[in-house]
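> Provided below are the primary sequence and the corresponding predicted coordinates.
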Amino acid sequence: MIEREEINVIWFKRDLRLQDNEAIFNAINSDKKTLFLYVLENSLIDDPHYDKRHWNFIKQSIVDINEDLAKHNTKILCVQTEVITAFNQLQNYYKIDTVFSHQETGLLITYKRDKDFTRYCRNNNINWIENNNNGVLRGLLNREDWFEKWDEYMASPQINIQYSHTNFINLDKIKNLEKGFIIPNLETKPSNRFQPGGTKMAWKYAVSFFEKRHKQYMFHISKPALARESSSRLSPYIAWGNVSIRQIFQKALEYKNNSNKRHLGAFISRLRWQAHFIQKFEMEHTMENASVNKGYHKLKKSVSVKYQKAWKEGKTGFPLVDASMRCLIETGYLNFRMRSLLVSFFTHILWQPWQASSQHLSKQFLDFEPGIHFPQLQMQAGETGINNLRIYNPIKNSLEHDADASFIKKWVPELANLPTPFIHEPYLMTPLDQQFNNFRLGENYPHPIVELKSARKKASDILWNLKRNPRVREESIRILKKHTISNRNRMLKND
């Protein structure tokens, strides 16, 4: 019997980069050959939170990494199967000593997968070393010293990985391995709809933002059209790990010392909040399906298939809501305020449960990050008990943040030829106005599916009354003790 060579495996997940990656650093500094592995999991491909746009982004990221690894006569072995199946097949060729990866704060399906993989490793005498991911800590009971630890992590030196003398499994051996697996096609069609994946593209966006685009960051952050240029647009690259938070945090500090401190300071504070929400989800993963404040579990909303369909298709009769949804579906990106508007409109104005919006939105967000997604849904739905209740008025937001209606004109073209006031509120047109503009409300564009004023009042009355409920208050205290930093202002500091 031929003795199998002993190797280490780097299991890529949401850390698709070659630098500042602790898993890679630890693996290649061992005394064994190293194999890079990405498993395109069928269970995740079929999961309703994901969309083809996500897998294309991942494939582009792998291709980008492979271009760099080719210089070292290796590449990522990318296979399509389940994780344990992949490792079982690998063990026909090699004896696996240690698997290196990062700790993933993911969906319940990946949480269960990781628990199963832990048992698999134990049963097969494999070491599995999971490394800290972007300063998010596992096993915390509260946040008392979390900020200090996160700040210390961000200030620590990046992990500089030297690849020149590393002992990798070479290309010929990987090609031989591929014969035993289903190998996905990594080619993707060029598209100007979505941001392309990969570390090289991440740094192109980062440099253009830090050198120029950030100069209007705070002024344009709430504007749906202008934010597309003035925001960093780094969120998908952070979500899929093309760059680490520490890399971006430290680069932002470099530029901040020589540029507009106010705008870059605001950007840096949002990196802190990004980590805060992921840490929150790490500590309370049941948020995927239920409100973190158990007092809101008694809140029952009638499900309307009609309302949900109109919202998903961008045909609610409220132009800014519809423009935002259509833009998101088409491009995978929407600025933060418009994301909040979509959720508020769904949960407050249409009075639908936030859970019913979750999978549709996650499929559209190119930057879908579970640790951001679920806490934000609940916060915008007003079901945390600790955050201010915000019931967004779509008309007020339209007039304030898209005053010339340029965003609406682009994404709801059937309104583009109307006078600007009617673009914001087409339902105000009289029959004569419609005749003059060769436009018929209900045919060219839908009537509003709900009456705005009464819908907002209903949501406000119910949710404000619930905030005073003893169970909600009791849970609010628990949440504050578990998830709140003593000095919350430190999260907002810009210096």
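Done, it's in.

> so how far is Ile174 from Ser244?
Distance, Ser244 to Ile174, using CB to CB, to the nearest Å: 26 Å. The C-beta positions use only the backbone N, C-alpha and C, and glycine is treated the same way.

> more neighbours: these two, which one.
The neighbour count for Ser244 versus Ile174, taken as other CB atoms under 10 Å, is higher for Ser244 (24 against 18).

> so how far is stretch 300-309 from its chain's centroid?
25 Å (CA atoms, centre = their mean, to the nearest Å).

> ends of that stretch, how far apart?
Terminal residues of stretch 300-309 are spaced 20 Å apart (CA to CA, to the nearest Å).

> would you mark the buried spots in it?
Using 16 or more other CB atoms under 10 Å as the test for burial, stretch 300-309 gives Ser304, Tyr307, Gln308.

> so which of those residues belong to helices?
Tyr307, Gln308 (DSSP state H).

> tabulate the buried residues of stretch 300-309 (TSV), appending pLDDT and distance to Val321.
Formatted as TSV, these follow (pLDDT from 0 to 100; distance: CB to CB, whole Å):
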residue	pLDDT	distance to Val321
Ser304	98	15
Tyr307	98	12
Gln308	98	13
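
> save the buried residues of stretch 300-309 as TSV, and put in distance to Ile248 too.
Below are the buried residues of stretch 300-309 laid out as TSV (distance: CB to CB, whole Å):
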residue	distance to Ile248
Ser304	41
Tyr307	38
Gln308	36
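
> which single one of the buried residues of stretch 300-309 is nearest to Ser398?
Set against Ser398, the nearest of the buried residues of stretch 300-309 by CB to CB is Tyr307 (19.7 Å).

> Ile479 - how many residues pack around it?
19.

> just the C-alpha atoms of the helix or strand harbouring it, please, in CSV.
Counting by DSSP states H and E, the element that carries Ile479 is helix 470-483. C-alpha atoms of helix 470-483 as CSV (Å, rounded to 0.1, in the frame of the first residue of the first chain):
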residue,chain,number,x,y,z
PRO,A,470,-42.9,45.1,29.9
ARG,A,471,-41.5,42.1,28.0
VAL,A,472,-40.0,44.4,25.3
ARG,A,473,-38.4,46.6,28.0
GLU,A,474,-37.1,43.5,29.8
GLU,A,475,-35.5,42.3,26.6
SER,A,476,-34.2,45.7,25.8
ILE,A,477,-32.2,45.7,29.1
ARG,A,478,-30.9,42.3,28.3
ILE,A,479,-29.8,43.3,24.8
LEU,A,480,-28.1,46.5,26.0
LYS,A,481,-26.1,44.5,28.6
LYS,A,482,-25.1,41.9,26.0
HIS,A,483,-24.5,43.9,22.9
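
> so which bits of it are buried?
Buried residues in helix 470-483 (16+ other CB under 10 Å): Val472, Glu475, Ser476, Ile479, His483.

> which members of those are the farthest-apart pair?
Val472 and His483 (15.5 Å).

> how close does the closest residue to Lys363 other than its chain neighbours get to Cys78?
Spatial nearest neighbour of Lys363, excluding adjacent residues (CB to CB, 6 or more residues apart in numbering): Asp51 at 4.1 Å. For Asp51, the distance to Cys78 (CB to CB) stands at 19 Å.

> hmm, Ile268 is touching Leu253, no?
Yes. When contacts are counted by CB atoms under 8 Å, Ile268 is listed as touching Leu253 (7.0 Å).

> who has more neighbours, these two?
Ile268 (19 against 14).

> for the helix or strand that contains that one, packing partners?
Using DSSP H and E, Ile268 sits in helix 261-283. Applying 3 or more CB pairs under 8 Å, 6 or more residues apart in numbering; DSSP states H and E, one finds that helix 261-283 contacts helix 146-155, helix 217-220, helix 245-256, helix 370-381, helix 470-483.

> and these as a markdown table, adding mean pLDDT?
Formatted as a markdown table, those follow (pLDDT from 0 to 100):
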| stretch | mean pLDDT |
| --- | --- |
| helix 146-155 | 92 |
| helix 217-220 | 95 |
| helix 245-256 | 95 |
| helix 370-381 | 96 |
| helix 470-483 | 93 |
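
> ends of stretch 293-304, how far apart?
End to end - CA to CA - stretch 293-304 spans 24 Å.

> in the protein, which spans are strands?
5-12, 33-41, 76-81, 94-102, 127-131 (DSSP state E).

> for this protein, which spans come out with low pLDDT?
Along the chain, the model assigns pLDDT under 70 to residues 1-2, 165, 259, 485-495.

> Gln19 and Trp203: what is the separation?
Counting by CB to CB - Gln19 and Trp203 are separated by 11 Å.

> skipping adjacent residues, who's closest to Ala405 in space?
Nearest to Ala405 is Ile423, by CB to CB, 6+ apart, at 4.1 Å.

> and if you look at His483?
Lys280 (5.1 Å).

> hmm, the one you found is touching Pro375, no?
Yes. Assessed by CB under 8 Å, Lys280 is found in contact with Pro375 at 5.1 Å.

> give the residues shared as contacts by those two.
Met287, Val292 (CB atoms under 8 Å, 6 or more residues apart in numbering).

> so between these two, which is more surrounded?
Just comparing Lys280 and Pro375: by other CB under 10 Å the higher neighbour count belongs to Lys280, 25 against 22.

> which residues does the more buried one contact?
Contacts of Lys280 (CB under 8 Å, 6+ apart): Met287, Val292, Gly371, Pro375, His483.

> repeat for Leu77
Leu35, Phe36, Leu37, Tyr38, Ile169, Ile174, Leu177, Glu178, Phe181.

> domain-wise, how is this structure divided?
Using automatic domain parsing, the domains assigned to the chain come out as 5-133, 200-282, 288-483.

> which one, of those domains, ends up nearest to Arg193?
With CB to CB as the yardstick, what comes closest out of those is domain 288-483 (5.7 Å).

> what distance separates the start and the end of the closest one?
End-to-end for domain 288-483, by CA to CA: 16 Å.

> so how far is that domain off the chain centroid?
19 Å.

> now do the contacts for Thr384.
Ser291, Val292, Asn293, Gln378, Ser476, Ile479.

> let's see that with 7 Å instead.
Val292, Asn293, Gln378, Ile479 (CB atoms under 7 Å, 6 or more residues apart in numbering).

> how about these, which pair is most distant?
Gln378 and Ile479 (10.6 Å).

> intersection of neighbour lists for the two?
What both Gln378 and Ile479 touch, as defined by CB under 7 Å, 6+ apart, is the set Val292, Thr384.

> ok, now which ones touch the closest residue to Ile183 other than its chain neighbours?
In space, and not counting its chain neighbours, Ile183 is closest to Val79: 6.3 Å by CB to CB, 6+ apart. Going by CB under 7 Å, 6+ apart, Val79 touches Val39, Leu40, Ala86, Phe181, Ile182, Ile183.

> quick check: the third one vs Trp11, distance?
Here Ala86 is placed at a distance of 9 Å from Trp11 (CB to CB).

> next, count neighbours for Ile391.
Residue neighbour count, defined by other CB under 10 Å, stands at 18 for Ile391.

> was I right to think it contacts Ala459?
Yes. Between Ile391 and Ala459 there is a contact at 5.6 Å, judged by CB atoms under 7 Å.

> sorry, back to before: filter the contacts of Leu77 down to the buried ones, PyMOL style.
The buried residues among those can be selected in PyMOL (16+ other CB under 10 Å) with this line:
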select buried, resi 35+36+37+38+169+174+177+181
